[in-house]
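Asker: one predicted model, sequence on top.
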Amino acid sequence: MSTVTTTGQPHTMRSNRLPIGVYLLAFSLFAMGSAEFLMAGVLPAVATDLDIPLASAGWLITAFALGVVLGGPPFAVLSLHWPRRTALLATQLVFAAAVVVGLLTDHWVLLITRFVSGLAYAGFFAVAAVTAISLVTPDRTARASGVVVSGLSVAMVAGGPAGTLLSHLTDWRGGFWGVAVLTVAGTIACALGLPVTKSATKPSLPREFATMRSPRLWGAFAITILSTAAYMISFNYLAAVLSDVARIPQVWIPAILALFGIGAFVGLSIGGRISDRRPHYALLIGAVGIALLSALLAGFAGHPTAVVPIVFLLGIAAFVLNPAIYGRVFTIAADAPTIAGATTVSAFQLGISLTPVFAAAAFELDAPITSVSWIGAILALITIPLIFLDRPRRAT
């Protein structure tokens with residue numbers, strides 16, 4: 001990996017702690033990512049307030065997702081020669097502005113601003129991942145990436161629900177105003193706390209595109225898409241499984257969903273610490289764990305005492321492999337990581353976006369709600385051979 005100099009902490013420091021900049025990036029990702037998970041919780045209120053059908057309101061979720069999937073790589077090309085801190089601050093400000101403008105206008109402008117928000121979010125995520133690894137020594141790359149990604153897991157299990165609660169206490173816009181305020185706070189924190197990072201290797205667009213032709217890199221993207229879809233399809237329909245199959249009272253469901261988030265933190269901590277040395281080991285643990293636990297969730301969905309620990313363990317397995325994924329991408333694309341990192345962000349989002357498609361296909365066949373977990377198990381099993389294919393060549 002190319003060497004990196006910073007105006008912050010020197011890389012020779014032996015402290016086990018990561019630089020504060022890594023945690024600032026995670027906070028900003030949490031603030032922005034909360035907008036992705038908030039819209040689903042307030043969608044009926046949005047449809048009613050804007051006087052549009054619920055199906056039309058659903059496009060607000062799709063617009064954001066499309067912005068994320070399509071936005072990362074082009075922004076990486078556009079900002080390749082920008083200072084990374086400039087790119088990070090610009091994307092956060094664009095994101096916050098888009099959120100605010102969308103709240104003050106009509107449905108069509110809101111739809112456009114959701115797409116713009118997705119673009120800015122993807123751009124930030126991509127640059128944040130590259131910046132995080134530039135702040136640490138090569139032996140802590142996966143751990144730093146894992147901390148940044150943890151911001152997204154917090155957004156999923158805490159930011160979205162908290163924003164939904166705020167929206168219910170005010171109106172549907174309340175949660176999004178909170179997202180805008182937190183994003184601005186993150187921008188200020190990054191401006192004050194992030195050192196100026198500079199790669200010793202001058203950015204080169206031809207070199208970036210040459211790196212993108214690596215088959216191993218596309219194998220890593222495939223692992224990202226499949227593994228993300230494998231655990232997210234169970235998580236996205238977990239509330240329905242808990243209420244309709246396990247017959248768990250509604251009051252307990254948020255707490256059980258939070259268990260998944262706690263498990264995610266545990267998984268990120270474990271994965272971040274072992275992925276730098278044994279990335280494939282972390283990938284295999286995660287994929288096998290997701291497959292096994294998804295099958296157990298489907299098989300024991302009617303037993304509340306079994307479901308609760310399974311949900312917690314699934315959170316661990318799901319996020320053990322996330323640091324390893326980033327570690328592999330940035331190892332393969334060590335000399336040209338920007339577009340590769342951006343494409344990884346798009347792959348994550350694509351994995352999330354595919355879950356409704358897989359679920360809809362099952363429901364069209366009148367499959368029970370637990371079928372989504374069986375689909376997750378199958379996707380995780382498909383991931384395993386790809387991990388083994390990535391193992392033999394260790395030139396990186």
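Answerer: Received it, and whenever you're ready, just let me know what you need.
Asker: just the pLDDT for residue 223.
Answerer: The model reports residue 223 with a pLDDT of 93.
Asker: likewise for the one 3 residues further on?
Answerer: Among the per-residue scores, residue 226 shows a pLDDT of 94.
Asker: apart from its chain neighbours, what residue comes closest to it?
Answerer: Using CB to CB, 6 or more residues apart in numbering and skipping residues adjacent in sequence, the residue nearest residue 226 is residue 383, 4.5 Å away. (Each C-beta comes from the backbone N, C-alpha and C, glycine too.)
Asker: tell me if I'm right that the one you found and residue 231 touch.
Answerer: No: between residue 383 and residue 231 there is no contact under CB atoms under 8 Å: 10.6 Å.
Asker: more neighbours: these two, which one.
Answerer: Between residue 383 and residue 231, counted using other CB atoms under 10 Å, residue 231 has the larger neighbour count: 31 against 26.
Asker: in the helix or strand that one falls within, which residues are buried?
Answerer: Using DSSP states H and E, the element containing residue 231 is helix 215-236. Using 16 or more other CB atoms under 10 Å as the test for burial, helix 215-236 gives 216-217, 219-236.
Asker: give me the three-state assignment for residue 195.
Answerer: Reduced to three states with DSSP: H, G, I helix; E, B strand; the rest coil, the structure at residue 195 is coil.
Asker: and if you look at residue 144?
Answerer: Residue 144 ends up helix, using three-state DSSP.
Asker: domains for this structure, by residue range?
Answerer: Following automatic domain parsing, one finds the domains of the chain at 14-198, 203-396.
Asker: and residue 59, what does it touch?
Answerer: residue 111 (CB atoms under 8 Å, 6 or more residues apart in numbering).
Asker: quick one: secondary structure of it?
Answerer: Residue 59 falls in the helix class when you classify it by three-state DSSP.
Asker: what about residue 348, neighbour count?
Answerer: 27.
Asker: who are the packing partners of the helix holding residue 231?
Answerer: Contacts defined by 3 or more CB pairs under 8 Å, 6 or more residues apart in numbering; DSSP states H and E place helix 215-236 against helix 279-299, helix 304-332, helix 337-364, helix 371-390.
Asker: let me know the next secondary structure element after the helix or strand harbouring residue 141.
Answerer: Counting by DSSP H and E, the element that carries residue 141 is helix 141-154. Using DSSP H and E, the helix or strand that follows helix 141-154 towards the C-terminus is helix 160-169.
Asker: C-alpha coordinates for that following helix, CSV please?
Answerer: What follows is helix 160-169, C-alpha atoms only, in CSV (Å, rounded to 0.1, in the frame of the first residue of the first chain):
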residue,chain,number,x,y,z
GLY,A,160,-33.3,5.4,12.0
PRO,A,161,-35.5,4.3,14.9
ALA,A,162,-34.6,7.4,16.9
GLY,A,163,-35.4,9.6,13.9
THR,A,164,-38.7,7.8,13.5
LEU,A,165,-39.6,8.4,17.1
LEU,A,166,-38.7,12.1,16.8
SER,A,167,-40.9,12.3,13.6
HIS,A,168,-43.8,10.7,15.4
LEU,A,169,-43.4,13.2,18.3
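Asker: any idea of the pLDDT on the residue nearest to residue 226?
Answerer: Here, the pLDDT recorded for residue 383 equals 94.
Asker: try residue 312
Answerer: Looking at residue 312, its pLDDT reads 93.
Asker: so it is in contact with residue 260, correct?
Answerer: Yes: applying CB under 8 Å, one finds residue 312 in contact with residue 260, separated by 6.9 Å.
Asker: neighbour count winner among the two?
Answerer: Using other CB under 10 Å as the criterion, residue 312 and residue 260 rank with residue 260 on top: 23 against 19.
Asker: tell me the contacts of the more buried one?
Answerer: Counting by CB under 8 Å, 6+ apart, residue 260 makes contact with 157, 235, 238, 311, 312, 314, 315.
Asker: export those to TSV and tack on distance to residue 326?
Answerer: Formatted as TSV, the contacts of residue 260 follow (distance: CB to CB, whole Å):
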residue	distance to residue 326
157	20
235	20
238	25
311	25
312	24
314	20
315	18
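Asker: how near is the most centrally placed residue in the chain to residue 31?
Answerer: Centroid check for the chain by CA atoms, centre = their mean gives residue 152 as the closest residue, at 4.9 Å. Separation of residue 152 from residue 31 (CB to CB, to the nearest Å): 11 Å.
Asker: sorry, back to before: who's in contact with the residue nearest to the centre of the chain?
Answerer: So residue 152 contacts 29, 30, 33, 125 (CB under 8 Å, 6+ apart).
Asker: the last one: how many residues sit nearby?
Answerer: A count of neighbours around residue 125, defined by other CB under 10 Å, yields 30.
Asker: one more: the third one?
Answerer: Around residue 33 sit 24 other residues, with neighbours defined as other CB under 10 Å.
Asker: quick check: residue 367 vs residue 230, distance?
Answerer: 17 Å.
Asker: deepest of the helices and strands packed on helix 215-236, which one?
Answerer: helix 304-332 (a mean of 24; mean count of other CB atoms under 10 Å).
Asker: longest helix in this protein, by residue count?
Answerer: In the chain, taking DSSP state H as the definition, the longest helix is helix 20-50.
Asker: which strands and helices sit next to that helix?
Answerer: helix 54-78, helix 84-103, helix 107-134, helix 141-154, helix 160-169, helix 173-193.
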